[in-house]
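K.L.:
Okay, sequence plus prediction incoming.
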Amino acid sequence: MRVCVVGAGAVGGVLGGRLARAGVPVSALARGATLDALRTRGWLVDSESAPAAAVSADAADLGPHDVVIVAVKSHHLPVLAPALTPLIGPSTVVVPALNGVPWWFFHEFGGALEGTVLDATDPDRTVTAALPPSQVLGCVVHLAARQAEPGHALLTAGDELIIGEPSGAPSERAGRVAELLRSGGFRVTVSDAIQRDVWFKLWGNMTMNPISALTSATADLILDDPLVNAFIQRVMTEAAAIGALIGAPIAQSTEDRVAVTRRLGAFKTSMLQDAEAGRPIELDALVTAVSEIGARLAVPTPNIDALLGLTRLAARRRGLYPTA
Ligand SMILES: NC(=O)C1=CN([C@@H]2O[C@H](COP(=O)(O)OP(=O)(O)OC[C@H]3O[C@@H](n4cnc5c(N)ncnc54)[C@H](OP(=O)(O)O)[C@@H]3O)[C@@H](O)[C@H]2O)C=CC1
Ligand SMILES: CC(C)(CO)C(=O)C(=O)O
């Protein structure tokens, strides 16, 4: 199976590198220093390297693949997606390894918002046009990775991936992709409700990540502040109510979910790391999208909107989010 990774950063580097180590031909669409590193020494994950099948900044050089793993930060996609069409043939499976509410989320999900494309994550519908939801196999990434340097990915915690058809139905392609990912040493679950898995992960990071970017605080400090902790749980309560309405109910209590995060100690969320490095933050997929879903359902989201407004303004002031 020919695989192409779009965005060979932390997650893309781990996925691509592990698959390449297992003997899978994995090419990369990359740019800048990452492109140079992949060209020179191939994939490098932890201390293990493997040749890259092909590497280019131009998808036309790479051509159609059986599986395209999309692992850029979600805010890159609206501009990048149209350039990805040469990678996509009629039977290509697109596996988005992204956090937040993805562009394909309401495809074959049923309910009041069936087929909705969100302005928050696909404002000009370029992503939906270039990466058709019918070719998407949903994915949730439950691992932590970072880049030691361009082209050198480190897997720092976890190894779990959840994949699933947006419709929830079993499929031959889900089985094929699960086997592929397992060959890279990942623990893979095939879900019959992948949107629930997306929503559950989002439920944790849609609060911690923006609050950390807003306050520059590690997770322990955020959760030790009783007012911030209570605010987080109000945001989570609103998000859980939306989840229940769209068919992604959450069984856990907010207290229990927060306790799980608290046990991780004094860590910096990925959004805080991006903010500190002066990189744009992934606010739209994590928070703007949830606010938009609430608005589309006419569900009031005062706490989500307060979080969004404050984080967006702070990020704009620091050049980490586009101005209106
Ligand atoms: N890191 C983690 O532990 C986890 C991350 N996630 C999610 O996975 C997704 C990817 O995150 P992560 O791997 O951390 O992000 P990174 O920033 O490490 O990697 C993204 C990569 O995409 C590249 N990229 C962006 N635009 C282009 C372009 N136009 N052409 C070619 N390459 C491009 C970036 O290149 P450049 O460096 O040049 O900008 C970078 O190498 C996000 O949605 C994140 O929230 C999910 C679970 C865990
Ligand atoms: C670890 C966790 C859940 C914190 O919100 C996360 O997803 C992130 O840092 O991006």
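P.N.:
Everything's here; your move. Numbering: from 1, shown residues only. Ligands and ions are numbered 1, 2, ... in the order given.
K.L.:
Can you pull up the residues of the stretch 151-300 of the chain that come close to ligand 1?
P.N.:
Applying Cβ under 6 Å from any ligand atom, we find that the stretch 151-300 of the chain lies next to ligand 1 at 270, 282. Bear in mind the C-beta positions are built from the backbone N, C-alpha and C, glycine included.
K.L.:
Does the residue sitting nearest the centre point of the chain lie in a helix or a strand, and which?
P.N.:
Central residue of the chain (Cα atoms, centre = their mean): residue 98, 1.5 Å from the mean position. When elements are assigned from DSSP states H and E, residue 98 belongs to no helix and no strand.
K.L.:
Offset the numbering so it begins at 887, please.
P.N.:
Done: numbering now begins at 887, and the last item shifts to residue 984.
K.L.:
So it sits against residue 956, correct?
P.N.:
Yes - here residue 984 reaches residue 956: they are 6.7 Å apart, a contact under Cβ atoms under 8 Å.
K.L.:
can you tell me the helix or strand for the residue nearest to residue 1098 when sequence neighbours are not counted?
P.N.:
Using Cβ to Cβ, 6 or more residues apart in numbering and skipping residues adjacent in sequence, the residue nearest residue 1098 is residue 1158, 3.9 Å away. In this structure, residue 1158 sits in helix 1156-1162 according to DSSP H and E.
K.L.:
Now tell me what touches that helix from outside.
P.N.:
959, 985, 1032, 1091, 1095-1096, 1098-1099, 1102-1104, 1154, 1166-1169, 1172, 1201, 1204, 1206 (Cβ atoms under 8 Å, 6 or more residues apart in numbering).
K.L.:
related to what we said a few turns ago, how much space between the residue nearest to residue 1098 and residue 974?
P.N.:
Noted for residue 1158: a distance of 34 Å to residue 974, by Cβ to Cβ, to the nearest Å.
K.L.:
go on, residue 984?
P.N.:
Going from residue 984 to residue 974 by Cβ to Cβ gives 17 Å.
K.L.:
I am finished for the moment; much appreciated.
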